[in-house]
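# would you be able to build a 3D model of this:
(one chain, ligands or ions: 3)
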Amino acid sequence: MELTITRPDDWHLHLRDGDLLAAVAPHSAAHFGRAIVMPNLRPPITTTAAAVSYRESIMKALPTNTNFEPLMTLYLTDSTKPDEIKLARKSGAVFAVKLYPAGATTNSQDGVTDLFGRCLPVLEEMAEQSMPLLVHGEVTDSNVDVFDREKVFIETVLQPLVQRLPQLKIVMEHITTADAVKFVESCTEGSVAATVTPQHLLLNRNSLFQGGLQPHNYCLPVLKREIHRQAIVSAVTSGSKRFFLGTDSAPHERRRKECPCGCAGIYSSPVALSLYAKVFEEAGALDKLETFTSFNGPDFYGLPRSKSKITLRKRPWVVPESFTFSFGEIVPMFAGKTLEWEPVTS
Ligand SMILES: NC(=O)N[C@@H](CC(=O)O)C(=O)O
Ligand SMILES: [Zn+2]
Ligand SMILES: [Zn+2]
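Ligands and ions are numbered 1, 2, ... in the order given. Take a look at the predicted model:
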């Protein structure tokens, strides 16, 4: 059995830089047409000039026979100026601005400490320029339970923000809860949307502890209860326009995952399409897969849908235990497991 769909785009991707970029970029380019590239490098990509130069490094890291197109983002800080948004829009290379609450996740130490106090002029300019705000939606207050941080962020930041600036386009990234599904569905279609990762569709928080601590299932926002996973599966397989593919593929070297204080992030680029197909097939909704992977994202961003196609073949294949590079190894999601749908690459 084969399934041919419009080539998907990845609306949330970490490509890193240096050796890691060279290692992982070909995996994304093999399956995806475009990707929204996250700016949480060290130092973070806070200016249009830096985004344009990062884009050039990505282009150099790509195989020669690919049409993969990186869509760049800026990392919002307390001191980002409205003029930077004008430059970003003019560049034609920057497609969104990313909000990391300071301390929320990997390389977020330069993130925003006071959104309403410091960033309103920038957010107003973004609304003006139709530049989406992408949000890592978790509060960072250590008194808030780690499993409640998304819900509390919705109540204390996102709801008030939507009320204050209804014209601002917002993408809630990597949603993990029924609360997030409900919030996104309560907003105006086309103004608030969400990306969904393979891990939050396939795994619940038991996967963190199954047979011992499982560092390769650790990401942020952390996996949640089964009821939340089910709510997210229902949302994406319903055919709603508000949800689209964002892998949040976040490679870290094996030794940075398998150690005390291991990094958050799951490497899913090579397996993501197979995993999304598995989710939709198990929900009896394979006919809705293409809407989620290939239509809703570009429609929300106001970009053309891809004209090229990709075929998935139903044929068991085994996910590699790891990918080995000169600098070390990267362990992919579902390492060593057998998957049913295999993307056909020529
Ligand atoms: N998702 C993660 O667990 N990690 C991401 C950062 C992020 O998307 O929050 C990373 O850059 O490693
Ligand atoms: Zn994040
Ligand atoms: Zn991410």
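# so where do the strands sit in the stretch 151-300 of the chain?
Along the stretch 151-300 of the chain, counting by DSSP state E, counting those that start in this stretch, strands occupy 170-172, 192-196, 243-245.
# what of the stretch 1-150 of the chain?
So, for the stretch 1-150 of the chain - with DSSP E, counting those that start in this stretch - the strands run 2-6, 10-13, 34-37, 69-75, 94-99, 133-135.
# redo the ones you listed as a markdown table? Include mean pLDDT.
A markdown table is the format used below for these (pLDDT from 0 to 100):
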| stretch | mean pLDDT |
| --- | --- |
| strand 2-6 | 98 |
| strand 10-13 | 99 |
| strand 34-37 | 99 |
| strand 69-75 | 98 |
| strand 94-99 | 98 |
| strand 133-135 | 98 |
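# let's have those strands in CSV, adding distance to residue 282 and mean neighbour count.
Glycine gets a C-beta too; all of them are placed from N, C-alpha and C. Listed next are the strands of the stretch 1-150 of the chain as CSV, based on distance: least, Cβ to Cβ, whole Å; neighbours: other Cβ atoms under 10 Å:
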stretch, distance to residue 282, mean neighbour count
strand 2-6, 14, 15
strand 10-13, 21, 28
strand 34-37, 26, 26
strand 69-75, 30, 23
strand 94-99, 31, 24
strand 133-135, 28, 25
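# could you dump those strands to a markdown table with distance to residue 53?
Formatted as a markdown table, the strands of the stretch 1-150 of the chain follow (distance: least, Cβ to Cβ, whole Å):
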| stretch | distance to residue 53 |
| --- | --- |
| strand 2-6 | 31 |
| strand 10-13 | 18 |
| strand 34-37 | 13 |
| strand 69-75 | 10 |
| strand 94-99 | 12 |
| strand 133-135 | 20 |
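# looking at these, which is nearest to ligand 1?
Of all those, strand 10-13 sits nearest to ligand 1, with 7.2 Å by Cβ to the nearest ligand atom.
# hmm, back to that, could you export the strands of the stretch 151-300 of the chain as TSV, including mean pLDDT and mean neighbour count?
Conversion of the strands of the stretch 151-300 of the chain to TSV gives the following (pLDDT from 0 to 100; neighbours: other Cβ atoms under 10 Å):
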stretch	mean pLDDT	mean neighbour count
strand 170-172	99	26
strand 192-196	99	27
strand 243-245	98	26
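# now those strands in TSV, with distance to residue 181?
As requested, the strands of the stretch 151-300 of the chain are exported to TSV (distance: least, Cβ to Cβ, whole Å):
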stretch	distance to residue 181
strand 170-172	10
strand 192-196	8
strand 243-245	8
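# out of those strands, the one nearest residue 99 is which?
Set against residue 99 and scored by Cβ to Cβ, the strands of the stretch 151-300 of the chain come closest in strand 170-172, at 9.1 Å.
# which residues touch the residue in the chain that ligand 2 sits nearest to?
Closest residue of the chain to ligand 2, Cβ to the ion: residue 136 (3.6 Å). Neighbouring residues of residue 136 by Cβ atoms under 8 Å, 6 or more residues apart in numbering: 98-101, 104-105, 108, 173-174, 220.
# mind running it again at 6 Å?
Residues near residue 136 by Cβ atoms under 6 Å, 6 or more residues apart in numbering: 100, 104-105, 173.
# ok, now residue 107?
So residue 107 contacts 40, 42 (Cβ under 6 Å, 6+ apart).
# now with 8 Å?
40-42, 44, 100.
# and of those residues, the nearest to ligand 1?
residue 40 (5.1 Å).
# quick check, pLDDT for residue 346.
Per-residue pLDDT puts residue 346 at 68.
# give me the neighbour count for residue 253.
Residue 253 has 19 neighbours, counted by other Cβ atoms under 10 Å.
# give me the beta-bridge partners of the closest residue to it other than its chain neighbours?
Of all residues not flanking residue 253 in the chain, residue 328 sits nearest, at 4.2 Å (Cβ to Cβ, 6 or more residues apart in numbering). Here residue 328 sits in beta bridges with residue 325, as judged by DSSP bridges.
# pretty sure residue 328 sits against residue 257.
No: with contacts counted by Cβ atoms under 8 Å, residue 328 stays clear of residue 257, the gap being 10.6 Å.
# so between these two, which is more surrounded?
residue 257 (21 against 16).
# note down every partner strand of the lengthiest strand in the chain and its orientation.
Looking across the chain with DSSP state E, the single longest strand is strand 309-318. Partner strands and pairing direction for strand 309-318 (DSSP bridges) are strand 2-6 (antiparallel), strand 338-344 (antiparallel).
# poorly predicted segments of the stretch 101-250 of the chain, please.
Applying pLDDT under 70 to the stretch 101-250 of the chain flags no residue at all.
# so which bits of it are right by ligand 2?
105, 136 (Cβ under 5 Å from the ion).
# just to revisit the earlier point, which of the strands of the stretch 151-300 of the chain sits closest to residue 67?
Closest to residue 67 of the strands of the stretch 151-300 of the chain is strand 243-245 (Cβ to Cβ; 18.1 Å).
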